[in-house]
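Asker: Give the three-dimensional model of this entry:
(one chain, ligands or ions: 1)
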Amino acid sequence: MSDRITLDYSRMLASVTDGRGIPESRLDALAGRFRDAHGDVERRRTAGELGFFALPYEQKVVEQIRSFADGLGQAYDTIVVLGIGGSALGTIALQNALLKPHWNELDGEGRDYFPRLYILDNVDPSTVGPLLDRLDPRTTLYNVISKSGTTAETMAQFMIVRERLRAALDDDHYRSHLIFTTDPERGVLRRLADQEGIATLPVPADVGGRFSVLSAVGLLPAAIAGIDIEALLAGAAAMDERCRTDDMFASPAGMFAALQHLAHTEHGAPTHVMMAYTDRLYSVADWFRQLWAESLGKQHDRAGAEVFRGPTPVKALGATDQHSQVQLYMEGPFDKTITFLAVRDTALDVAIPEVYGDVDELSYLGGRTLGELLDAERQATAAALASRGRMNMTIELPRIDAHALGQLIMMLQIATVYAGVFYDVDPLDQPGVELGKQLTYGLMGRKGFEAPRLDEGDVPRVVK
Ligand code: PA5
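Answerer: Model prediction:
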């Protein structure tokens, strides 16, 4: 069986979607456009603007992470990642896909004596407080992850954790329970690391949060928890090699980006659903949601003109959302594409017992497996959607392992920069989140920042 992930886009085409999808003839025009997009991306890559491309090949960083992880893994029974957005979502995706299901509920033997892994990704006191109360600081390692080294949520988490560590341990020992992953030079975290003698790993300056899962951001916690990071990077490198072509039909990332863009701009489908047909890849859809939204949702194009562009990514889970969302996908507006995430070889399966052989409504299930049922539901949903004119495609992984996940992550990151070219926006910045940050600083009393002021007439109207 091939190790490659595949992209089946047949159901994006007009011929199988009742004329509603993309006509075959448009694909050739698209292939010409892709050649230019690929050239643009290659130029930016060579100019060092797209640092994530280099991550699978950073041998020295991997060795550094390995030696950190090997030294630390067995010394702590829990690792907690403090971070948010691009500093957390990729690691959550790795955890849910690659660690044994229900990892944190397993005992030491079930985890092969690797630590439990918690990733905060929020500052909700109702979940952060109870988690921190439950953990023993003396056996816990806290990995503070912030590229900028200033993000309010992560800094607040860090300040709480540091004081708990100092209360539980003496001044010398609290440091060894902290590792910072941050910019090599800038930010307050970097400064504190130097002042307090806390170990650090770098987020390369040219790699933004949502493209950083294959840097120390995702690799350190993954390696400490026992994930095969070398295989993850090898998968990413294999996908990078596959995509170093200007032949759109041979490039999974190119094809994905081009089809989504065309579906949006020529076929009225700005909503891009990613529907994982396994619980273990649902968090990949969540990670992708951030990648696609924050990279492509922009007010200005690359020349600075006001354009208000971007698709709306949505995550969904099969079969669960067949009983929640699929009615809308089948009969609602023709404004969506659905990308299914499927797995060829599901190593873990559960047999359905052969009981009720005389009950017609149940006998067909007996002797089959849950994996067969789930996959049949995916195939049936994809076919049903296409027969109603609903564009959909399927990304299939050979199995859920580190190599396949590395391929998928790299494919979607490369697709995002191609989509940036098609939409003519900068996929690497996020100016739209700045204003909210500044107003939060104002509300929290940070010096030099103002709280939001209501315009005259902008009075609250509240239904009580
Ligand atoms: O993708 C991004 O750039 C953002 O989602 C950031 O990751 C997020 O805002 C956290 O930033 P930082 O890593 O600087 O704390």
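Asker: Residue of the chain nearest the ligand, please.
Answerer: Closest residue of the chain to the ligand, CB to the nearest ligand atom: residue 209 (2.1 Å). To be clear about C-beta, it is placed using only N, CA and C from the backbone, and glycine gets the same treatment.
Asker: from memory that residue sits against residue 87, does it?
Answerer: Yes. Counting by CB atoms under 8 Å, residue 209 does reach residue 87; the two are 5.6 Å apart.
Asker: Those two: who's more crowded?
Answerer: Neighbour count, other CB atoms under 10 Å: between residue 209 and residue 87, residue 87 has more, with 30 against 26.
Asker: List the contacts of that one.
Answerer: Going by CB atoms under 8 Å, 6 or more residues apart in numbering, residue 87 touches 81, 145-147, 151, 154, 181, 209, 212, 217.
Asker: can you pull the contacts of the residue nearest to it when sequence neighbours are not counted?
Answerer: Spatial nearest neighbour of residue 87, excluding adjacent residues (CB to CB, 6 or more residues apart in numbering): residue 145 at 4.1 Å. Going by CB under 8 Å, 6+ apart, residue 145 touches 81-83, 87-88, 154, 180-182, 203, 217.
Asker: now the residue nearest the centre of the chain: how far from residue 20?
Answerer: Centroid check for the chain by CA atoms, centre = their mean gives residue 287 as the closest residue, at 2.0 Å. Using CB to CB, to the nearest Å, we find residue 287 at a distance of 29 Å from residue 20.
Asker: do the same with residue 138
Answerer: From residue 138 over to residue 20 (counting by CB to CB), the distance is 61 Å.
Asker: Which parts of the stretch 301-450 of the chain are helices?
Answerer: 326-331, 360-363, 370-387, 402-423, 434-443 (DSSP state H, counting those that start in this stretch).
Asker: how about the longest one against the ligand, any contact?
Answerer: No. Using CB under 6 Å from any ligand atom, helix 402-423 never reaches the ligand; the gap is at least 11.1 Å.
Asker: centre of the chain versus that helix, how much separation?
Answerer: What separates the centre of helix 402-423 from the centre of its chain is 11 Å, taken as CA atoms, centre = their mean, to the nearest Å.
Asker: So that it lines up with my notes, have the first residue be 325 from now on.
Answerer: In the new count, where the first residue is 325, that last one comes out as helix 726-747.
Asker: Restricting to C-alpha, output it in PDB.
Answerer: Taking C-alpha atoms only, helix 726-747 is exported to PDB below (Å, rounded to 0.1, in the frame of the first residue of the first chain):
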ATOM      1  CA  ALA A 726       3.400  10.600  12.100                       C
ATOM      2  CA  HIS A 727       4.600  10.300   8.500                       C
ATOM      3  CA  ALA A 728       1.000  10.700   7.100                       C
ATOM      4  CA  LEU A 729       0.300  13.600   9.400                       C
ATOM      5  CA  GLY A 730       3.500  15.400   8.400                       C
ATOM      6  CA  GLN A 731       2.300  15.100   4.700                       C
ATOM      7  CA  LEU A 732      -1.100  16.400   5.500                       C
ATOM      8  CA  ILE A 733       0.200  19.400   7.600                       C
ATOM      9  CA  MET A 734       2.700  20.400   4.900                       C
ATOM     10  CA  MET A 735       0.100  20.000   2.100                       C
ATOM     11  CA  LEU A 736      -2.300  22.300   3.800                       C
ATOM     12  CA  GLN A 737       0.400  24.900   4.700                       C
ATOM     13  CA  ILE A 738       1.600  25.000   1.100                       C
ATOM     14  CA  ALA A 739      -2.000  25.100  -0.200                       C
ATOM     15  CA  THR A 740      -2.500  28.200   2.000                       C
ATOM     16  CA  VAL A 741       0.300  30.100   0.400                       C
ATOM     17  CA  TYR A 742      -0.900  29.200  -3.100                       C
ATOM     18  CA  ALA A 743      -4.400  30.300  -2.000                       C
ATOM     19  CA  GLY A 744      -2.800  33.600  -0.900                       C
ATOM     20  CA  VAL A 745      -1.500  34.100  -4.400                       C
ATOM     21  CA  PHE A 746      -4.900  33.300  -5.900                       C
ATOM     22  CA  TYR A 747      -6.800  35.600  -3.600                       C
END
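Asker: What helices and strands are in contact with that helix?
Answerer: In terms of contacts (3 or more CB pairs under 8 Å, 6 or more residues apart in numbering; DSSP states H and E), helix 726-747 is packed against helix 348-370, helix 413-422, helix 553-566, helix 576-591, helix 606-620, strand 716-721.
Asker: do the same with the last one
Answerer: Helix 758-767 is packed against helix 476-492, with contacts defined by 3+ CB pairs under 8 Å, 6+ apart.
Asker: which residues make contact with the next helix or strand after the helix it packs on from outside it?
Answerer: Later in the chain than helix 476-492, the nearest helix or strand by DSSP states H and E is strand 502-506. Contacts of strand 502-506 with the rest of the structure, by CB under 8 Å, 6+ apart, involve 392, 411, 465-473, 485-486, 489, 513-514, 516-517, 522-527, 540-541, 544.
Asker: what about whichever helix or strand comes after strand 502-506, near the ligand?
Answerer: Remark: after strand 502-506, the chain's next helix or strand is helix 512-520, criterion DSSP H and E. No. Judged by CB under 6 Å from any ligand atom, helix 512-520 stays clear of the ligand, getting no closer than 8.7 Å.
Asker: low pLDDT regions in the protein?
Answerer: Residue ranges of the chain with pLDDT under 70: 325, 397, 778, 780.
Asker: what residues does it put near the ligand?
Answerer: Proximity of the chain to the ligand is confined to 408-411, 470-472, 475, 478, 532-534, 618, 754 under the rule CB under 6 Å from any ligand atom.
Asker: Which of those residues fall in strands?
Answerer: Residues of these located in strands (DSSP state E): residue 470.
Asker: Can I get the residues of the chain next to the ligand in JSON lines including distance to residue 560?
Answerer: Formatted as JSON lines, the residues of the chain next to the ligand follow (distance: CB to CB, whole Å):
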{"residue": "408", "distance to residue 560": "23"}
{"residue": "409", "distance to residue 560": "21"}
{"residue": "410", "distance to residue 560": "16"}
{"residue": "411", "distance to residue 560": "19"}
{"residue": "470", "distance to residue 560": "23"}
{"residue": "471", "distance to residue 560": "19"}
{"residue": "472", "distance to residue 560": "24"}
{"residue": "475", "distance to residue 560": "26"}
{"residue": "478", "distance to residue 560": "25"}
{"residue": "532", "distance to residue 560": "17"}
{"residue": "533", "distance to residue 560": "17"}
{"residue": "534", "distance to residue 560": "15"}
{"residue": "618", "distance to residue 560": "20"}
{"residue": "754", "distance to residue 560": "23"}
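Asker: And the residues of the chain next to the ligand, which of them are buried?
Answerer: The neighbour count (16 or more other CB atoms under 10 Å) marks 408-411, 470-472, 475, 478, 532-534, 618, 754 as buried among those.
Asker: In the chain, which residue sits furthest out from the middle?
Answerer: Most remote from the centre of the chain, using CA atoms, centre = their mean: residue 682, at 46.0 Å.
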